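>>> sequence and predicted structure, then a few things I'm wondering about:
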Amino acid sequence: MGFKEQIDMTRLPEHIAIIMDGNGRWAKNQGKFRVFGHESGVLSVKDIVEGCVEIGIKYLTVYAFSTENWNRPVDEVNALMELLITTINQETETLTKNNIRLNAIGDIASLPQKCIDDLKSAMDKTAGNTHCTLTLALSYSAKWEILEAAKKLARQVKDEQINIEDIDESHFSAQLTTINMPDPELMIRTSGEHRISNFLLWQMAYTELYFTDKLWPDFRREDLFEAIVDYQKRERRFGKISEQLN
């Protein structure tokens, strides 16, 4: 029996977040340049998105480019931006065909203008799609996001729009880039690394973490299904004891 057949479809995570790690190492193992790994990683993204649609995952967020990635060699960054543009333009029609809405979070204004324009166009074209929301975290940093949220609240207090005593978790969450999404129940990281690398720090307070040694270009929907099966074996207590959940 495959992993898909083991999934309890009544207990699916609504939102899955993925740190797609290992493209460069995968390319090196093939004797190729790093950009070859990124190009191959796009195939994994496609398969995982299709896997999410197949079983009914409503939200998928992938860590596509962090603010720290700007520190990589210029040639690699330029290649990543070109790959982003090419992929968006090639896949917009497929996203619409599969009723998938494209979304983006992060410091989008720091991207090249061509990326911004093509990304906005694809988001506009898919805005009415309802089956699944695919969010690309681009030039994203959770610390940046939290600081921006704090600044927004500080301005609201300064302008007397809210009282400082009224600020609670819901007020803070409403300032984040993920305002229209539920927090992820499951986070997957590939390549054997065991850290969350400045990704959705606020949102992942109660997220189940799943780590696999597979490099991202080797990760496919069967691996996604395996991660979901593992997730469903866990007991999510949110501070309670097991007896309180029964």
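Everything's here; your move. Residues are numbered from 1 along each chain as shown.

>>> for the nearest residue to residue 225 once chain neighbours are set aside, give me phi and psi.
Spatial nearest neighbour of residue 225, excluding adjacent residues (CB to CB, 6 or more residues apart in numbering): residue 3 at 3.8 Å. Every C-beta, even on glycine, is put in place using the N, C-alpha and C of the backbone. Main-chain dihedrals, residue 3, degrees, to the nearest 10: phi -70, psi -30.

>>> my guess is residue 3 contacts residue 226. True?
Yes: with contact defined as CB atoms under 8 Å, residue 3 reaches residue 226; the gap is 4.5 Å.

>>> residues contacting the closest residue to residue 193 other than its chain neighbours?
Nearest residue to residue 193, sequence neighbours excluded (CB to CB, 6+ apart): residue 21, at 5.7 Å. By CB atoms under 8 Å, 6 or more residues apart in numbering, the contact list for residue 21 reads 189, 190, 191, 193, 215, 216.

>>> may I see the PyMOL selection of the buried members of those residues?
Buried residues within those, by 16 or more other CB atoms under 10 Å, are selected in PyMOL with:
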select buried, resi 189+190+191+215+216
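
>>> would you convert the contacts of residue 21 into a markdown table that also reports secondary structure and pLDDT?
Output for these, formatted as a markdown table (DSSP: H, G, I helix; E, B strand; the rest coil; pLDDT from 0 to 100):
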| residue | secondary structure | pLDDT |
| --- | --- | --- |
| 189 | strand | 98 |
| 190 | coil | 98 |
| 191 | coil | 97 |
| 193 | coil | 97 |
| 215 | coil | 98 |
| 216 | helix | 98 |
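
>>> nearest to residue 92 among the contacts of residue 21?
residue 216 (22.4 Å; CB to CB).

>>> distance-wise, check that closest one relative to residue 28.
As judged by CB to CB, to the nearest Å, residue 216 and residue 28 stand 13 Å apart.

>>> what segments of the chain are helices?
In the chain, the helices defined using DSSP state H lie at 3-6, 23-29, 34-55, 74-97, 113-125, 142-158, 169-173, 221-232, 242-245.

>>> want to throw the ones you listed into TSV with distance to residue 15?
Formatted as TSV, these follow (distance: least, CB to CB, whole Å):
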stretch	distance to residue 15
helix 3-6	19
helix 23-29	23
helix 34-55	10
helix 74-97	18
helix 113-125	18
helix 142-158	16
helix 169-173	14
helix 221-232	12
helix 242-245	21
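
>>> on that earlier part again, which one of the contacts of residue 21 sits closest to residue 41?
For these, the nearest to residue 41 is residue 216 (4.9 Å; CB to CB).

>>> between the helices of the chain, which gets nearest to residue 64?
helix 74-97 (7.3 Å).

>>> quick one: buried residues of that closest one?
Quick answer for helix 74-97 (16+ other CB under 10 Å): 79, 80, 81, 83, 84, 85, 87, 88, 91, 92, 95, 96.

>>> that helix - contacts with which helices or strands?
With contacts defined as 3 or more CB pairs under 8 Å, 6 or more residues apart in numbering; DSSP states H and E, helix 74-97 has these neighbours: helix 34-55, strand 59-66, strand 100-105, helix 113-125.

>>> give me the contacts around it.
34-35, 38-39, 42, 46, 64-65, 69-70, 101-102, 111-112, 114-115, 118-119, 121-122, 125-126, 129, 134, 138.

>>> looking at the helices and strands packed on helix 74-97, which is closest to residue 159?
When the helices and strands packed on helix 74-97 are compared by CB to CB, strand 100-105 sits nearest residue 159, at 25.1 Å.
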